[in-house]
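Peer 1: 3D model of this:
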Amino acid sequence: TIIVPFGAGGALDLIARVLADGLRSELNQTVIVDNKPGASGLLAMRLAAAAAPDGYTLILSSESNHILLPLLDSKVNMDVFKEFAPISLSGEFQHVLIVKKDMPAANVHELVDFLKKNPGKLSFGSSGVGTMAHIAGEFLSKETQAGMVHVPYRGSPAAMNDLLAGNLDVNIQSMPALRSHIENPRLRILAVLSAQRLKELPSIPTMAEIGFPQFILSSWMGMFGPAALPADIKEKLSAAFVKIGKNPELQARIRAQGIEPVGSDSASFARYVEAEAKKWKAFVERTGVKLQ
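Peer 2: This next block holds a predicted model:
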């Protein structure tokens with residue numbers, strides 16, 4: 001079973017289903033994707049941490065669940081470095097700043113001006129408390145003193161649907177969730193949060209190139225097991241995910257969802273998670289972003 005902390009249709013759910021197919025072939029085992037949204041990912045994390053350490057229950061987690069939420073919410077009361085065993089970095093993906101169609105802003109600078117002139121009157125949506133979309137939205141709200149109201153959802157698609165309906169003003173949306181809506185006239189794409197422009201959106205500038213270098217924010221997802229997972233089982237699973245990451249067919253399916261496949265081994269993933277924890281701790285301290 002691969003537990004996913006969000007509902008169907010989001011970035012983690014999309015890649016989990018591709019990885020499940022790969023794992024079925026590599027291990028000749030039945031693999032089930034189990035969506036467990038709730039409590040901003042905590043429900044899924046606690047289920048995975050408490051699972052038997054036999055390799056049969058894994059969780060596809062992200063920086064939102066594993067790094068940001070424990071860092072920003074003292075009530076989380078989870079030490080992810082003691083409760084989980086990193087197995088493999090599965091993929092990386094980017095985010096985009098979008099607004100509803102009738103927002104009077106054709107670019108980021110006009111949006112910033114509008115936010116500054118309308119404190120407390122606008123809303124932004126996210127896929128949950130402590131997610132990248134939430135942190136980026138709070139940061140934008142703080143920088144513009146807009147006092148935007150945060151509206152958390154149980155996943156990216158729900159936030160997208162409300163923005164398309166005009167019920168949300170602003171959303172930081174993942175590329176995997178945005179891909180099928182790129183040409184939708186009910187939204188406007190203002191910028192990408194990646195370090196470079198995205199090939200899917202060559203005409204859309206990065207936040208950095210229009211004067212907001214602090215808005216270079218990207219996401220990752222990776223496979224974890226319970227902390228007591230025996231070394232031989234962890235390495236067997238890690239080797240399977242490394243092979244999956246090199247499979248051209250599966251790579252193409254992952255890239256088709258707007259995600260760059262990785263498939264690292266467990267040791268390099270453990271180092272990666274430690275580096276991410278340090279990076280985000282510094283970001284939070286530097287920006288003063290807090291959960292509202």
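Peer 1: Give me the residues contacting stretch 52-61.
Peer 2: 1-5, 12, 15-16, 19, 41, 44-45, 47-48, 51, 84-85, 87, 90, 221-230, 233-234, 236-237 (Cβ atoms under 8 Å, 6 or more residues apart in numbering). Every C-beta, even on glycine, is put in place using the N, C-alpha and C of the backbone.
Peer 1: One more pass at 7 Å, please.
Peer 2: 1-5, 12, 16, 44-45, 48, 51, 87, 90, 221-226, 228-230, 233, 237 (Cβ atoms under 7 Å, 6 or more residues apart in numbering).
Peer 1: From start to finish, how long is that stretch in a straight line?
Peer 2: Distance across stretch 52-61, first residue to last, is 18 Å (Cα to Cα, to the nearest Å).
Peer 1: chain center to that stretch, what's the gap?
Peer 2: Centre-to-centre, stretch 52-61 and its host chain are 20 Å apart (Cα atoms, centre = their mean, to the nearest Å).
Peer 1: Show me which positions of that stretch end up buried.
Peer 2: 53, 55, 57-61 (16 or more other Cβ atoms under 10 Å).
Peer 1: Among those residues, name the ones in strands.
Peer 2: 58-61 (DSSP state E).
Peer 1: Now do the same contact list for Asp34.
Peer 2: 1-4.
Peer 1: Make a markdown table out of the residues you listed and add secondary structure, distance to Phe283 and pLDDT.
Peer 2: A markdown table is the format used below for those (DSSP: H, G, I helix; E, B strand; the rest coil; distance: Cβ to Cβ, whole Å; pLDDT from 0 to 100):
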| residue | secondary structure | distance to Phe283 | pLDDT |
| --- | --- | --- | --- |
| Thr1 | coil | 33 | 98 |
| Ile2 | strand | 29 | 98 |
| Ile3 | strand | 27 | 98 |
| Val4 | strand | 25 | 97 |
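Peer 1: Now, of the residues you listed, which are buried?
Peer 2: Buried among these by 16+ other Cβ under 10 Å: 2-4.
Peer 1: any idea which element the nearest residue to Gln29 once chain neighbours are set aside lies in?
Peer 2: Nearest residue to Gln29 in three dimensions, chain neighbours excluded: Leu23, at 7.0 Å (Cβ to Cβ, 6 or more residues apart in numbering). Per DSSP states H and E, Leu23 falls inside helix 11-27.
Peer 1: Give me the contact list for that helix.
Peer 2: 2, 4-7, 29, 31, 33, 35, 60, 62, 90-91, 93, 156, 174, 176-177, 221, 240, 243-244, 247, 250, 253-254, 257, 259.
Peer 1: Could you tell me which of these belong to helices?
Peer 2: 156, 176-177, 240, 243-244, 250, 253-254 (DSSP state H).
Peer 1: Grab the longest strand from the chain for me.
Peer 2: Max-length strand for the chain by DSSP E is strand 84-93.
Peer 1: so what secondary structure elements neighbour that strand?
Peer 2: Strand 84-93 is packed against helix 11-27, strand 219-226, helix 231-246, strand 260-261, helix 266-287, with contacts defined by 3 or more Cβ pairs under 7 Å, 6 or more residues apart in numbering; DSSP states H and E.
Peer 1: With just CA atoms, put the next helix or strand after it into PDB.
Peer 2: The helix or strand immediately downstream of strand 84-93 is strand 95-100, counting by DSSP H and E. Extracted in PDB, the C-alpha atoms of strand 95-100 (Å, rounded to 0.1, in the frame of the first residue of the first chain):
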ATOM      1  CA  HIS A  95       4.500  25.900  -9.100                       C
ATOM      2  CA  VAL A  96       2.600  28.800 -10.800                       C
ATOM      3  CA  LEU A  97       1.000  32.000  -9.600                       C
ATOM      4  CA  ILE A  98      -2.600  32.200 -11.000                       C
ATOM      5  CA  VAL A  99      -5.500  34.500 -10.500                       C
ATOM      6  CA  LYS A 100      -9.200  34.400 -11.400                       C
END
